[in-house]
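1. Okay, here's the prediction I keep looking at, along with the sequence it came from:
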Amino acid sequence: MTTCTNYAESLAFTYKAYLNGYPTLSYGVLVPHEDTNTALAVLRRLLLNMPIGNELLINSHHYIWHNNVEIVSSKQLRKYLHVVDAEVTSGKVIIASPYSIKGANKERNEDSAGILSIKYCGDTITLFHIFAIADGVSSLHGGDYASSFSVRSFISGALSLINTVNTDLKANLKELLMRIHMELQDYAEKNNVNVGTTFTGGIIIQRDNAATATIAHIGDSRAYKITSNTVSRLTTDHSLGGHVITQALGYVIKNIDTYETMIGRNTYLVLTTDGVTDVVTDDTIGRIVHEYRYPRHISWLS
């Protein structure tokens with residue numbers, strides 16, 4: 001099955017997120033009149049809850065559905081909606097759907113997670129998955145703000161890297177996280193509070209049958225790569241144990257870890273906060289993945 005339209009160039013996208021315990025879902029098809037920069041600008045504004053603006057709308061055809069509201073419509077594009085959902089792509093790459101609930105001893109949910117999946121159709125067919133998870137530091141003020149801001153800003157900021165995939169992606173992700181870190185520090189200074197959040201996120205780029213994940217990591221939220229017979233923890237916790245983390249976005253950064261790994265057929269990339277890993281072992285996470293298989297069920301049960 002193809003997810004490309006009859007146009008020379010187009011983007012189909014799905015955005016799923018949990019920001020402080022509240023789900024969001026957007027999807028659509030974007031067909032720019034000239035190049036993909038217009039489509040990426042529309043997506044970036046959508047993710048940041050900014051008005052799209054007529055200057056962008058007149059340069060492309062769009063169909064966008066956002067949180068139960070059809071915000072931009074083009075009848076000729078509706079027939080392509082059934083191809084938009086990129087959560088599972090031909091059985092080659094499966095990424096857990098974002099899900100979060102407040103812990104029993106928490107006053108508010110300070111976890112946030114999101115994934116933006118894009119299928120670009122042009123001279124080549126390329127899949128991009130931009131993903132992120134963050135856990136606000138509860139001992140600081142504004143952990144919920146820090147986590148949601150980091151996830152939203154990372155996913156929207158990473159869109160600019162799609163057209164520069166042949167550069168040093170690890171360095172680009174580090175630079176992006178440093179910008180988010182400084183923006184959080186500016187927020188903290190202006191509001192006379194301390195904020196901080198763990199963060200793990202990155203980009204999967206898939207062409208043909210080859211997919212590569214590049215990941216950036218701060219704190220103790222983890223990324224796992226799970227195959228039919230292995231559970232591999234990709235990240236190393238920045239923690240002294242007992243929820244004492246040594247690094248957090250917006251608070252203190254010593255170094256940003258980066259990783260690169262191939263994602264093959266029947267491979268799962270699972271991201272989770274310490275709310276799961278404190279009570280569930282790595283082997284148990286692997287067992288849940290193999291038993292339930294579907295990303296939505298895996299995230300609910302983990």
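-> That came through, no problem. Source: prediction; values computed, not measured. Numbers count the residues shown, from 1 in each chain.
2. can you give me the helices in the chain?
-> Listed in chain order, the helices of the chain (DSSP state H) span 36-47, 54-57, 143-158, 169-191, 274-277, 282-292, 295-301.
3. Would you mind measuring from the nearest residue to Ser228 once chain neighbours are set aside to Thr227?
-> Closest residue in space to Ser228, ignoring its immediate chain neighbours: Asn266 at 6.0 Å, by C-beta to C-beta, 6 or more residues apart in numbering. Glycine gets a C-beta too; all of them are placed from N, C-alpha and C. Asn266 sits 7 Å away from Thr227, taking C-beta to C-beta, to the nearest Å as the criterion.
4. Between these two, point out the one with more neighbours.
-> Neighbours per residue, other C-beta atoms under 10 Å: of Asn266 and Thr227, the larger number sits with Thr227, 16 against 13.
5. Low-confidence regions, this protein specifically.
-> Applying pLDDT under 70 to the chain picks out residues 1-8, 75-108, 163-166, 242, 292-302.
6. residues contacting the spatially most central residue of it?
-> Centroid-nearest residue in the chain: Phe131, 2.0 Å away (criterion: C-alpha atoms, centre = their mean). The neighbourhood of Phe131, defined by C-beta atoms under 8 Å, 6 or more residues apart in numbering, consists of 95, 113-116, 155, 201-204, 269, 271.
7. Go again with 10 Å.
-> By C-beta atoms under 10 Å, 6 or more residues apart in numbering, the contact set of Phe131 is 16, 95-96, 98, 113-117, 151, 154-155, 158, 200-204, 213, 215, 223, 269, 271.
8. Show me what it is bridged to.
-> Residues in a beta bridge with Phe131, per DSSP bridges, are Ile115, Gly202.
9. Next, work out how far apart it and Leu173 are.
-> From Phe131 to Leu173 the distance is 12 Å (C-beta to C-beta).
10. do Tyr15 as well
-> Where Leu173 is concerned, Tyr15 sits at a distance of 19 Å (C-beta to C-beta).
11. Could you do Ser156 as well?
-> Applying C-beta to C-beta, the value for Ser156 to Leu173 is 14 Å.
12. swap in Asn49?
-> Taking C-beta to C-beta, one finds Asn49 at 23 Å from Leu173.
13. Those two - which one has more neighbours?
-> Each of Asn49 and Leu173 has its neighbours counted (other C-beta under 10 Å); Leu173 has more, 23 against 9.
14. show me the contacts for the nearest residue to Ile52 once chain neighbours are set aside.
-> Nearest residue to Ile52, sequence neighbours excluded (C-beta to C-beta, 6+ apart): Arg45, at 5.2 Å. Contacts for Arg45 (C-beta under 10 Å, 6+ apart) come out as 51-53, 56, 156.
15. ChimeraX command for the buried members of these?
-> A single ChimeraX command selects the buried members of these (16 or more other C-beta atoms under 10 Å):
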select :52,56,156
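16. Ile133 touches Tyr224, doesn't it?
-> No: the criterion here is C-beta atoms under 10 Å, and Ile133 misses it with Tyr224 at 11.6 Å.
17. Looking at those two, which one has more neighbours?
-> Per other C-beta under 10 Å, whichever of Ile133 and Tyr224 has more neighbours is Ile133, with 28 against 21.
18. Count the residues that sit near Asn68.
-> Neighbours of Asn68 (other C-beta under 10 Å): 6.
19. Oh, that last question was meant for Arg44, not what I typed.
-> Counted with other C-beta under 10 Å, residues neighbouring Arg44 total 17.
20. Please name the nearest non-neighbouring residue to it.
-> Using C-beta to C-beta, 6+ apart, the closest residue to Arg44 is Ser156 (4.8 Å).
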